[in-house]
Structures are given as structure tokens and as C-alpha cells.
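K.L.:
predicted model, plus sequence, below.
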Amino acid sequence: MSDLKSDPTGTTTAGEPELSGVDIDLVDVVKRYPGQKKAAVDGLSLHIPAGEIVMFVGPSGCGKTTSLKMINRLIEPTSGSIRIDGKDIHGQDDDELRRHIGYVIQGGSLFPHMTVTQNIALVPGLLGWDRRRTAERVDELLELVGLDPDRYRSRYPRELSGGQQQRVGVARGLAADPPVILMDEPFGAVDPITRQRLQDELLSIQEELRKTIVCVTHDFDEAVKLGDRILILTEGAKIAQYDTPEAILANPADRFVADFVGAGAALKQLTLSRVSEVELSHRTLVAVGDPAAGAMRAAQSAGDSYVVVLDDRRRPIDWLWTKDLAELDRVPGPAEGTDLVTLDRRATLNDALDTMLTSSHGCAVVTGRRDEYLGVVDFQAVLDRIQETAQPDEVPS
Ligand code: ADP
Ligand code: MG
């Protein structure tokens with residue numbers, strides 16, 4: 001996240017969360033699988049700065065997963081060295097190493113015979129945490145990934161949707177508060193709306209925790225959205241380009257990168273702009289149980305055709321047409337099955353357009369930290385922002 005760049009001295013400025021990630025360095029790392037003519041990873045050297053999200057992208061089979069798994073020694077390099085926080089991981093105890101590295105893979109890979117709590121508590125259990133500390137941590141993590149602890153902590157994986165399982169997988173990866181998290185196509189198996197939410201969730205978690213996160217994806221848009229830096233690899237894990245999303249979009253290193261970035265690099269700029277940069281508008285806010293007549297008067301005098309319903313923690317849960325309030329006594333809770341579509345302020349303008357196109361209101365409620373209401377974004381506001389950012393450089397020299 002560009003506004004949370006790590007300070008090279010390792011100190012943090014006032015107000016910024018403390019950096020908890022550590023540097024990772026790969027030096028001339030080679031992995032040759034038995035019986036393979038070419039090395040899967042052919043001399044990869046890479047510095048991953050503490051507290052950043054680095055995205056690995058590249059064509060299938062180019063060595064992304066192999067490179068990632070060498071960092072927690074699920075795969076042993078043939079040669080070369082890997083240092084985490086300055087310490088060579090070769091010779092470190094595998095189990096000990098993995099307790100300090102979160103690992104999240106596609107689908108969450110939860111143990112089906114264990115509850116959500118038991119799945120998340122695996123590493124804390126290995127670390128010998130007592131029951132109370134573990135239980136508190138599980139609830140805290142469920143909140144963090146957007147699952148209500150009371151509802152979900154005792155469920156089994158089969159009782160969760162794919163997106164919820166993936167959230168639990170992320171919670172498990174974070175459980176012991178590891179400085180490093182490795183993710184391999186973590187959101188590859190969920191539908192686009194859920195994927196967008198999980199991405200936003202990850203960004204807001206990272207805003208609080210500032211881990212070092214290495215994440216493999218095949219989705220370049222995802223890399224642009226999540227990455228502080230993107231590593232583009234070709235066969236043999238050869239580096240085609242390693243830079244910020246902005247720099248790669250503006251200046252692809254060669255034809256390969258340009259092709260990979262794809263047509264419409266200009267449109268991809270939409271993925272660089274966030275909802276937080278758009279001017280939000282406001283609607284009348286009401287709470288469940290408020291007198292409907294008062295709510296309607298307030299909405300009418302504000303000229304709002306609908307009102308936004310918040311829960312007791314200021315999280316938006318529903319919206320109601322102002323005219324429908326006339327038939328009601330009190331503002332009702334959301335009908336069963338209502339799942340208000342919201343946009344995290346971290347969402348990209350691309351996400352925002354997607355969301356609004358599928359919403360009947362042509363606009364979306366924007367939320368911030370811990371899903372709190374921030375405002376409403378509509379088409380016009382997004383278009384205005386696109387036009388602002390797309391202004392060609394007209395200043396004569
Ligand atoms: P990616 O994640 O980028 O798709 P991988 O790291 O999985 O790529 O694979 C890199 C190369 O190594 C591929 O050619 C793949 O076929 C090969 N490979 C991966 N795992 C093994 C293995 N266990 N044994 C032999 N070859 C493998
Ligand atoms: Mg892979």
C-alpha cells in the first residue's frame with residue numbers, strides 16, 4: 001500500500017501502526033526437481049522489504065509456487081540461500097520456522113473434522129498457548145476477517161461457504177501473529193464479489209498489522225490492487241520486472257511484460273485508484289427500531305430517496321426506500337437473506353464499477369475500518385474521479 005511504505009530505518013512515525021514484518025532475501029536460489037532438464041527456479045535473487053505485500057505473477061509453470069514454498073522450506077532449494085530477518089533459514093528447525101510463517105492456500109485447506117476454532121488454533125496450540133488466550137485470539141481473528149465469532153466459531157468447514165472457508169484460512173495463517181505470511185492463489189477459488197471483499201479485508205488487515213506478505217496470483221489486476229511491489233516471472237523464475245504497480249503499468253520493461261500487463265493498461269489505472277479517493281455523498285442514517293415517521297421526515301427534508309440502516313456498531317446493514325417508510329411504524333431489521341453490498345474504501349474504482357453495475361441502486365455504501373459506514377459512492381463520483389486521473393499531460397514545456 002503506497003501510503004504505508006515501510007521506513008527504511010525500521011522506525012515508525014507517529015500514528016502509523018508498528019511494523020511487524022521482517023525482510024526476506026533470496027540469493028541465487030536454484031531448484032532443480034529430480035529428472036527435470038531445466039531448473040524450475042534458475043538463480044532467483046530478490047529482496048522483499050519488511051512490511052510490504054509482494055505479488056508473484058507469471059505464466060503457469062514459471063516457478064511461482066516453488067519459489068514461495070522454498071521460503072517456508074516446504075521445498076528445499078538445490079542451491080543458494082534464503083534469509084528471513086537476516087537469518088539463513090537453512091539449518092533452522094522446519095517446524096520452528098513454520099510456526100513463524102503463516103501459510104494460506106487456495107480454498108483455505110481447512111481440516112474437515114475440526115471446528116473453525118480448532119482449525120484456527122492449530123499453531124497457537126503447537127506454541128503451547130493456554131485455552132483462554134487461544135479462545136480470545138480466535139474470536140479476535142474471526143472479527144478481523146469479518147466473521148461473527150458467536151455464529152461461526154463452532155461450525156465445521158462443510159457448514160461454511162467457499163468464501164467463509166477462505167476467510168478462516170486467512171485467520172489461521174494470521175493466528176500466531178507471524179511476521180511473514182505466504183499466500184498461494186488464496187482467492188482463486190471464490191466468486192468475484194467474494195474475492196473483492198477478501199482482497200479488501202486483506203488490505204485493511206495489513207494496514208493494522210504491516211506483515212511481510214508474499215502472495216502468488218495468476219490475476220494481474222489482483223497483483224496491481226494488493227501489491228506494494230509486483231514480481232513478474234518468466235520460465236525458470238527469471239525476473240522480467242520487479243517494481244511498484246505504478247511503475248510497471250507506466251513502463252513495462254519489455255515485450256513480455258507489456259503482453260502480460262495486457263491491452264488496456266490505461267483502463268488498469270482504474271485498479272490503481274481507490275474508492276477512498278472519490279468524493280462520497282451522504283444519506284440519511286437510521287437505526288433498527290427508530291420511529292419510521294421521523295426517519296421519513298429526515299430523509300424527505302434531506303431530499304434522499306432512500307435511507308441507510310446502521311447497526312449498533314455503525315455498520316451498514318440495509319437500505320430502505322424513503323417512500324416505504326410511510327407504511328411502517330419502526331425501522332425494521334434487514335429481511336432474512338439480505339446481504340447489503342458494500343464497498344470497502346480500499347476497493348479499486350474497477351471494483352466500484354462492478355459493484356454498482358450489479359446493484360439496483362446505481363450506487364454503493366462505502367465502509368472503512370471494521371466495516372463502519374463512511375458514505376455513499378455513485379456512478380457520477382466515480383466518473384468524475386476517472387476523468388480527473390485521465391487528464392492528459394497538456395502542460396506545454
Ligand atoms: P507455478 O506455481 O508458477 O505454476 P510451479 O512452481 O508449480 O509453477 O512449477 C514450476 C515448474 O516445476 C513446472 O515446470 C512444474 O511442472 C515443475 N514442478 C513443480 N513441482 C514439481 C515436482 N514436485 N516434481 C517435478 N516437477 C515439478
Ligand atoms: Mg502455482
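P.N.:
It's in. Remember, predicted model here, so these are calculated numbers, not experimental data. Numbering: from 1, shown residues only. Ligands and ions are numbered 1, 2, ... in the order given.

K.L.:
every contact and neighbour count from this point should use C-alpha atoms.
P.N.:
Noted.

K.L.:
find the least confident helix or strand in the chain, judged by mean pLDDT.
P.N.:
None of the helices or strands of the chain scores lower by mean pLDDT, DSSP states H and E than helix 265-272, at a mean of 72.

K.L.:
right, and the helix or strand after it?
P.N.:
Next along the chain after helix 265-272, taking DSSP states H and E as the criterion, comes strand 285-287.

K.L.:
how far does that following strand sit from the chain's center?
P.N.:
Mean-position distance between strand 285-287 and its chain equals 29 Å (Cα atoms, centre = their mean, to the nearest Å).

K.L.:
which strands and helices sit next to the following helix or strand past it?
P.N.:
Next along the chain after strand 285-287, taking DSSP H and E as the criterion, comes helix 292-302. If you count contacts as 3 or more Cα pairs under 8 Å, 6 or more residues apart in numbering; DSSP states H and E, helix 292-302 packs onto no helix or strand.

K.L.:
centre of the chain versus helix 292-302, how much separation?
P.N.:
That offset, for helix 292-302, works out to 37 Å (Cα atoms, centre = their mean).

K.L.:
in the stretch 201-350 of the chain, what residue comes closest to ligand 1?
P.N.:
Closest to ligand 1 within the stretch 201-350 of the chain is residue 236: 7.2 Å, counting by Cα to the nearest ligand atom.

K.L.:
any idea how far residue 40 is from that residue?
P.N.:
If you measure residue 236 against residue 40 using Cα to Cα, to the nearest Å, the figure is 5 Å.

K.L.:
give me the common contacts of these two.
P.N.:
62, 63 (Cα atoms under 8 Å, 6 or more residues apart in numbering).

K.L.:
any buried residues in the helix or strand hosting residue 206, and which?
P.N.:
Element membership for residue 206, per DSSP H and E: helix 192-209. Across helix 192-209, burial judged by 16 or more other Cα atoms under 10 Å covers 194-207, 209.

K.L.:
output the helix or strand immediately after that helix in the chain as CSV, restricted to C-alpha atoms.
P.N.:
Counting by DSSP H and E, the element after helix 192-209 in chain order, helix or strand, is strand 212-216. Extracted C-alpha coordinates of strand 212-216, given in CSV (Å, rounded to 0.1, in the frame of the first residue of the first chain):
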residue,chain,number,x,y,z
THR,A,212,5.6,-9.1,5.2
ILE,A,213,3.2,-10.8,2.8
VAL,A,214,4.3,-12.8,-0.3
CYS,A,215,1.4,-13.7,-2.5
VAL,A,216,1.2,-15.7,-5.7
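
K.L.:
what's the average pLDDT for strand 212-216?
P.N.:
For strand 212-216, the mean pLDDT works out to 97.

K.L.:
what lines up beside it in the sheet?
P.N.:
Strand pairing for strand 212-216, using DSSP bridges, gives strand 53-57 (parallel), strand 180-184 (parallel).

K.L.:
most packed of those strands?
P.N.:
Looking across those with neighbours counted as mean count of other Cα atoms under 10 Å, the highest average goes to strand 53-57: a mean of 27.

K.L.:
and the next element down the chain from it?
P.N.:
Next along the chain after strand 53-57, taking DSSP H and E as the criterion, comes helix 64-71.

K.L.:
and the contacts of that following helix?
P.N.:
Identification of contacts with helix 64-71 by Cα under 8 Å, 6+ apart yields 31, 40-41, 56-58, 75-77, 82, 182, 184, 214, 216, 233, 237.

K.L.:
stretch 328-348 now?
P.N.:
For stretch 328-348, the external contacting residues (Cα under 8 Å, 6+ apart) are 196-197, 200, 203-204, 225, 270-276, 286-293, 316-319, 325, 352, 355, 359, 364-368, 371.

K.L.:
stretch 143-150 now?
P.N.:
By Cα under 8 Å, 6+ apart, the residues outside stretch 143-150 that reach it are 139, 142, 164, 167, 168, 170, 171, 201, 202, 205, 370.

K.L.:
could the residues you listed be laid out in a markdown table, adding pLDDT and distance to ligand 1?
P.N.:
Shown next, in a markdown table, are those (pLDDT from 0 to 100; distance: Cα to the nearest ligand atom, whole Å):
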| residue | pLDDT | distance to ligand 1 |
| --- | --- | --- |
| 139 | 93 | 33 |
| 142 | 91 | 29 |
| 164 | 90 | 24 |
| 167 | 89 | 22 |
| 168 | 93 | 23 |
| 170 | 89 | 20 |
| 171 | 90 | 23 |
| 201 | 82 | 24 |
| 202 | 88 | 21 |
| 205 | 83 | 25 |
| 370 | 80 | 33 |
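
K.L.:
let's have those in JSON lines, adding secondary structure and distance to residue 88.
P.N.:
Shown next, in JSON lines, are these (DSSP: H, G, I helix; E, B strand; the rest coil; distance: Cα to Cα, whole Å):
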{"residue": "139", "secondary structure": "helix", "distance to residue 88": "34"}
{"residue": "142", "secondary structure": "helix", "distance to residue 88": "33"}
{"residue": "164", "secondary structure": "helix", "distance to residue 88": "36"}
{"residue": "167", "secondary structure": "helix", "distance to residue 88": "31"}
{"residue": "168", "secondary structure": "helix", "distance to residue 88": "31"}
{"residue": "170", "secondary structure": "helix", "distance to residue 88": "26"}
{"residue": "171", "secondary structure": "helix", "distance to residue 88": "27"}
{"residue": "201", "secondary structure": "helix", "distance to residue 88": "32"}
{"residue": "202", "secondary structure": "helix", "distance to residue 88": "28"}
{"residue": "205", "secondary structure": "helix", "distance to residue 88": "28"}
{"residue": "370", "secondary structure": "helix", "distance to residue 88": "37"}
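
K.L.:
thanks a lot, catch you later.
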